[in-house]
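Engineer: Sequence and predicted structure are below.
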Amino acid sequence: MDVKMSQRKMEESLQYSKLKDMADEKKLFLEKIIWVHHWTESLFSFRIERPNSFRFRSGEFIMIGLNDNKKPLLRAYSIVSPNWEEHLEFFSIKVPDGPLTSRLQHLKEGDHLFLGKKPTGTLVTDALKSGKRLFMVGTGTGLAPFLSVLRDPETHEKFDEIVLTHTVREEKELAYRSFLEKEIYSDEIFGELLGNRFTYYPTVTRSEFRTEGRITDRIRSGAFAKDLKLTSKKFNPQTDRVMVCGSMAFNKDMSSMLEEHGLKEGSNSTPGSFVIERAFVG
Ligand code: A2P
């Protein structure tokens, strides 16, 4: 090993011990980044190793972050991975002047990240009464928790049909599209299970697309029901369950519409017919 390399290794190991001390003091895990993927100039995903003792329910979020001037800088992130997966995956936007995402986007394999110890959240099937159809309706990075819920076997025990919608401004922002359109069907566990019970419904608002416009507008106009061959353009409070994840404005619009259709918001302590969570931004 040449001198420069061994010097670099020593610096890395010193840096790691400092971060580990900070993590221990703040009751956080310190985990290694094992994969990074950039979808566009403003969207990326990454995976970290999963500590053996880290348990969560599919759909929950957790605090993650970096060292910022001798203090952990943490933000809430929905976990993309289902609860059985060996690693933990996250989906993030890059906010140019966002304190955390402006730095997170430069992370590479081998770097380390703080991970909280208390996952929580309401986008979990436990917060929904049993029903027949599950609609997961999201915008932007609000897709993240649905990728988790979709791959949890419990979701498939609880619901006969699953519809996942994703609304973005430009087509290129449809992250995970090829996974949801193709690859998921060759998954050992889910391929067969999903069969014709699963529909992925992307919509794009600011460029031409086969299903153009806001999902809220497409639901109201009946275009959504027509495309999915649903008998009514309204959700059915007896059989339909809905999870909503997006911006504040989107969540507000969706929840008013769902309430107009007779659905009631649920929580972990009082399951209902729909649940809402804000998509987190850095
Ligand atoms: P639009 O382009 O019409 O604003 P953003 O990037 O601002 O978070 O938005 C992500 C996607 O969510 C965009 O396609 C945007 O559509 C859509 N969106 C934003 N606000 C709402 C809302 N109140 N109802 C429905 N869709 C919304």
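Structural biologist: Everything's here; your move.
Engineer: Poorly predicted segments of this protein, please.
Structural biologist: 1, 281-282 (pLDDT under 70).
Engineer: Tell me where it has strands.
Structural biologist: When assigned using DSSP state E, the strands of the chain occupy the ranges 29-40, 43-49, 61-68, 71-78, 87-93, 112-115, 133-139, 161-168, 198-204, 240-246, 274-278.
Engineer: From the contact counts, what lies against the longest one?
Structural biologist: Meaning strand 29-40. Based on contacts counted as 3 or more CB pairs under 8 Å, 6 or more residues apart in numbering; DSSP states H and E, the elements that strand 29-40 packs against are helix 3-25, strand 43-49, strand 87-93, strand 112-115. C-betas here are computed from N, CA, C, even on glycine.
Engineer: do it and the ligand meet at all?
Structural biologist: No. Against the ligand, strand 29-40 shows no contacts by CB under 6 Å from any ligand atom, the least distance being 11.9 Å.
Engineer: Off-centre distance for that strand?
Structural biologist: Taking CA atoms, centre = their mean, to the nearest Å, the mean C-alpha location of strand 29-40 is offset from the chain mean by 15 Å.
Engineer: how about the residues of the stretch 1-150 of the chain near the ligand?
Structural biologist: If contact is defined as CB under 6 Å from any ligand atom, the residues of the stretch 1-150 of the chain in contact with the ligand are 139-140.
Engineer: Pick out the residue of the stretch 1-150 of the chain closest to the ligand.
Structural biologist: Distances from the stretch 1-150 of the chain to the ligand, computed as CB to the nearest ligand atom, single out residue 139 as the nearest residue at 3.3 Å.
Engineer: And for that residue, the neighbour number?
Structural biologist: Here the count is done by other CB atoms under 10 Å, and residue 139 has 26 residues near it.
Engineer: Next: residue 14.
Structural biologist: Neighbour count for residue 14, taken as other CB under 10 Å: 10.
Engineer: same check, this time on the one 3 residues further on
Structural biologist: For residue 17, the number of neighbouring residues by other CB under 10 Å comes to 10.
Engineer: cool, and residue 7?
Structural biologist: By other CB under 10 Å, the residues close to residue 7 number 11.
Engineer: How about residue 126?
Structural biologist: Count around residue 126 with other CB under 10 Å applied: 15.
Engineer: Same question for the one 10 residues further on.
Structural biologist: By other CB under 10 Å, 25 other residues sit near residue 136.
Engineer: going forward, begin numbering at 424 instead of 1
Structural biologist: All set: I'll call the first residue 424, so the last point we hit is now residue 559.
Engineer: For the nearest residue to it once chain neighbours are set aside, which residues are in contact?
Structural biologist: Spatial nearest neighbour of residue 559, excluding adjacent residues (CB to CB, 6 or more residues apart in numbering): residue 569 at 4.0 Å. By CB atoms under 8 Å, 6 or more residues apart in numbering, the contact set of residue 569 is 482, 546, 559, 561, 587, 666, 668.
Engineer: Next, format the residues you listed as JSON lines and append distance to residue 615.
Structural biologist: Compiled in JSON lines, those are given as follows (distance: CB to CB, whole Å):
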{"residue": "482", "distance to residue 615": "23"}
{"residue": "546", "distance to residue 615": "26"}
{"residue": "559", "distance to residue 615": "21"}
{"residue": "561", "distance to residue 615": "25"}
{"residue": "587", "distance to residue 615": "18"}
{"residue": "666", "distance to residue 615": "24"}
{"residue": "668", "distance to residue 615": "27"}
